[in-house]
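> structure for this input, please:
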Amino acid sequence: MMKRKIVLIIGLLSFLFLPLIASAQKAQRIRFAKGATSGTVKGRIVGYAVKDYVVGAREGQTMTISLSSPKALFVIYSINGRATDMIETNEWSDVLSESGDYLIRVFMMRNDARKKGAATNYTLKVSIE
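Numbering: from 1, shown residues only. Model (predicted):
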């Protein structure tokens, strides 16, 4: 009886965390052309998938991020793993308080992501000055 409960609990936990495991992927580094202060990437999100980007910056620099998409948003995480403003947005700019790699996670809004065949294209621009 106890063994059955343990198997049931493990199965339930596996089911709950499967979307997180399935969406795990390597972040793509955004690189700027020599002498440039910005970089642009284009992509596509399908359903609940996410796309992660990494960009390096220094304390005191101003980072500006814009995302062009009818259905996608992003959140940016500082080098210590905390969301910078705890907001999901398509425009963001701030003077950085830490030097290192920042993670930008692009995703589709939940209301749109749950629809059958949900997908959206996007253009992400990152500027650092």
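
> make it CA atoms for all contacts and neighbour counts henceforth
Noted.

> show me the contacts for the residue nearest the centre of the chain.
Centroid check for the chain by Cα atoms, centre = their mean gives Arg105 as the closest residue, at 0.7 Å. Counting by Cα atoms under 8 Å, 6 or more residues apart in numbering, Arg105 touches Val50, Lys51, Asp52, Tyr53, Phe74, Val75, Ile76.

> so which helix or strand takes in it?
For Arg105, the element it lies in under DSSP states H and E is strand 100-108.

> repeat for Gly60
Judged by DSSP H and E, Gly60 forms part of no helix or strand.

> phi first, then psi, for it.
Backbone torsions of Gly60, given as degrees, to the nearest 10, read phi 90, psi -20.

> residues in contact with the closest residue to Arg110 other than its chain neighbours?
Leaving out its chain neighbours, the residue that sits closest to Arg110 by Cα to Cα, 6 or more residues apart in numbering is Tyr48, at 7.4 Å. The contact partners of Tyr48, by Cα under 8 Å, 6+ apart, come to Phe107, Met108, Arg110, Ala113, Arg114.

> got the residues you listed as CSV, with distance to Glu59 columns?
Converted to CSV, the contacts of Tyr48 look like this (distance: Cα to Cα, whole Å):
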residue, distance to Glu59
Phe107, 27
Met108, 30
Arg110, 33
Ala113, 35
Arg114, 38
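
> can you tell me which of the residues you listed has the most neighbours?
Met108 (27 neighbours; other Cα atoms under 10 Å).

> and the strands in this structure?
28-29, 38-46, 50-57, 62-68, 72-77, 91-95, 100-108, 119-128 (DSSP state E).

> please convert the ones you listed to JSON lines, extending it with mean pLDDT.
Output for those, formatted as JSON lines (pLDDT from 0 to 100):
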{"stretch": "strand 28-29", "mean pLDDT": "95"}
{"stretch": "strand 38-46", "mean pLDDT": "96"}
{"stretch": "strand 50-57", "mean pLDDT": "96"}
{"stretch": "strand 62-68", "mean pLDDT": "96"}
{"stretch": "strand 72-77", "mean pLDDT": "91"}
{"stretch": "strand 91-95", "mean pLDDT": "92"}
{"stretch": "strand 100-108", "mean pLDDT": "93"}
{"stretch": "strand 119-128", "mean pLDDT": "96"}
